[in-house]
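> this one's structure only:
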């Protein structure tokens with residue numbers, strides 16, 4: 001799996017959650033430097049040793065600053081690459097503590113619980129994600145910059161909850177409304193299209209192997 005494909009696979013759970021207000025946190029500069037060092041290993045993320053090295057750097061960063069959201073989010077990415085889903089869950093739980101109204105974090109936990117086979121907990125988190133998503137979309141205009149991301153995440157959540165019919169209707173409308181963007185290869189439209197007509201099992205496979213369903 002290439003780095004680009006891995007990052008695309010995580011695009012449904014963005015690092016900056018919308019639909020919420022949080023207090024501004026001044027991150028310790030030492031933690032930022034350690035995070036930046038870890039990010040230089042992104043091109044080598046397929047190498048387990050590189051991912052482990054990045055995690056060690058990020059562990060130091062989040063020890064220095066225990067509220068460093070980006071440090072935890074980046075650490076989770078490397079844990080996922082190593083298929084260390086139990087540690088990824090613990091990390092995501094910390095992210096939820098920091099941003100308890102972020103729908104994408106609950107969606108991510110649902111995905112992770114699905115990965116380890118805990119369907120009951122997965123459903124709890126997916127339901128929470130959908131509730132938050134709906135509450136934000138109810139007051140959001142279609143011109144809002146977060147509308148596409150939120151709507152896509154809502155469709156993903158519905159797929160994971162088994163309502164593929166409703167999800168596909170949402171994705172079809174969203175796809176049809178996206179303008180062509182040949183300069184950037186229509187990345188957004190291709191991503192939406194890759195989610196269409198998938199069941200929950202196929203969606204997990206897409207997350208693990210985005211190349212399998214490349215179009």
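Received the coordinates, thanks. Predicted model, so just to flag it, every value in this text is computed and none were measured.
> in this structure, which helix has the most residues?
Identified as the longest helix of the chain according to DSSP state H is helix 119-137.
> buried residues, it. List them.
Buried residues in helix 119-137, counted by 16 or more other C-beta atoms under 10 Å: 122-123, 125-126, 128-130, 132-133, 136-137. For the C-beta atoms, the positions are set from N, CA and C on the backbone; glycine is no exception.
> try stretch 155-175
By 16+ other C-beta under 10 Å, the buried positions in stretch 155-175 come out as 155-161, 164, 167-168, 170-171, 174-175.
> quick one: which of the residues you listed is nearest residue 39?
Comparing these against residue 39 with C-beta to C-beta places residue 156 closest, at 26.0 Å.
> and that closest one, how far is that from residue 41?
Distance check for residue 156 against residue 41: by C-beta to C-beta, to the nearest Å, it reads 28 Å.
> got it, and residue 138?
Using C-beta to C-beta, residue 138 is found at 41 Å from residue 41.
> the two: which has the busier surroundings?
Remark: of residue 138 and residue 41, residue 41 carries more neighbours, 18 against 7, as counted by other C-beta atoms under 10 Å.
> can you pull the pLDDT of that one?
Residue 41 carries a pLDDT value of 96.
> does it touch residue 50 like I think?
Yes - contact criterion C-beta atoms under 8 Å: residue 41 and residue 50 qualify, at 4.7 Å.
> so after the helix or strand harbouring residue 77, what's the next helix or strand?
Using DSSP states H and E, residue 77 sits within helix 69-81. Counting by DSSP H and E, the next helix or strand C-terminal to helix 69-81 is helix 85-98.
> which strands and helices sit next to that following helix?
helix 69-81, helix 103-115 (3 or more C-beta pairs under 8 Å, 6 or more residues apart in numbering; DSSP states H and E).
> angle of the first one against helix 103-115?
Going back to what we said before, that points to helix 69-81. Interaxial angle, helix 69-81 versus helix 103-115 (axes from the mean of the first three to the mean of the last three C-alpha atoms, to 10 degrees): 20 degrees.
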